[in-house]
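> Sequence and predicted model, in that order:
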Amino acid sequence: MAGGVRTGIGWDSHRLARGRRLILGGVELEFDRGLDGHSDADVLTHAVIDALLGAAGLDDIGALFPDTDAAYKDADSMALLRDVVGRVAGAGFRVDHVDTTVVMERPKLAPHRAAIRATLAEGLGVEPSQVNVKASTGEGLGFVGRGEGVAALAVATLSAT
């Protein structure tokens with residue numbers, strides 16, 4: 001394993017659907033629709049997972065937790081995150097910082113940002129000051145702008161242990 005600092009990027013998107021829970025960064029938000037997917041469809045946590053895996057050179061979320069595997073049906077994405085943090089540590093890295101952006105029209109993320117930040121930090125095994133959660137909208141453009149789905153982007157910085 002090469003030492004130093006590594007950076008990875010993660011991206012995910014899911015459709016909004018009736019009859020599903022809206023979970024972002026491990027926090028359930030009150031909304032009339034939730035994210036559709038094989039697991040709990042937590043786009044934010046999925047983006048963080050891919051950013052961590054990319055920085056550590058450990059493949060991607062689909063390779064580790066395929067949506068064709070019944071074992072991951074309705075899986076708790078925070079449990080998947082903790083698994084990945086263990087893999088990252090096993091590869092000789094520690095999490096230094098994670099920066100995220102959630103892109104959605106509604107509901108507004110601002111009232112939930114502190115809880116999401118704290119929950120992600122706990123799952124990552126870091127202090128909340130090492131996690132940033134931002135929000136943006138689609139400004140009426142694309143699937144996000146039309147309120148059809150939610151996207152998330154994450155950047156993770158790791159250091160060799």
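Cool, the structure landed.

> Next, the closest residue in space to residue 12 that isn't next to it in sequence: secondary structure please.
Leaving out its chain neighbours, the residue that sits closest to residue 12 by CB to CB, 6 or more residues apart in numbering is residue 46, at 4.0 Å. Any C-beta I mention is one placed from the backbone N, CA and C, and that applies to glycine too. The three-state label given to residue 46 by DSSP: H, G, I helix; E, B strand; the rest coil is helix.

> what's the residue nearest the centre of the chain in contact with, if anything?
Nearest to the mean C-alpha position of the chain, counting by CA atoms, centre = their mean, stands residue 45 at 1.9 Å. When contacts are counted by CB atoms under 8 Å, 6 or more residues apart in numbering, residue 45 touches 23, 24, 25, 26, 77, 78, 80, 81, 120, 123.

> Do a quick rundown of the strands in this structure.
Assigned by DSSP state E, the strands in the chain fall at 5-17, 22-24, 27-29, 34-35, 93-103, 131-136, 149-160.

> Using TSV, lay out those strands together with mean neighbour count, distance to residue 64 and mean pLDDT.
Formatted as TSV, these follow (neighbours: other CB atoms under 10 Å; distance: least, CB to CB, whole Å; pLDDT from 0 to 100):
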stretch	mean neighbour count	distance to residue 64	mean pLDDT
strand 5-17	18	13	97
strand 22-24	26	19	97
strand 27-29	18	23	97
strand 34-35	24	20	95
strand 93-103	20	16	98
strand 131-136	18	21	97
strand 149-160	22	15	98
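
> how about a markdown table for these, with distance to residue 58 added?
Below are those laid out as a markdown table (distance: least, CB to CB, whole Å):
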| stretch | distance to residue 58 |
| --- | --- |
| strand 5-17 | 9 |
| strand 22-24 | 24 |
| strand 27-29 | 26 |
| strand 34-35 | 24 |
| strand 93-103 | 9 |
| strand 131-136 | 20 |
| strand 149-160 | 11 |
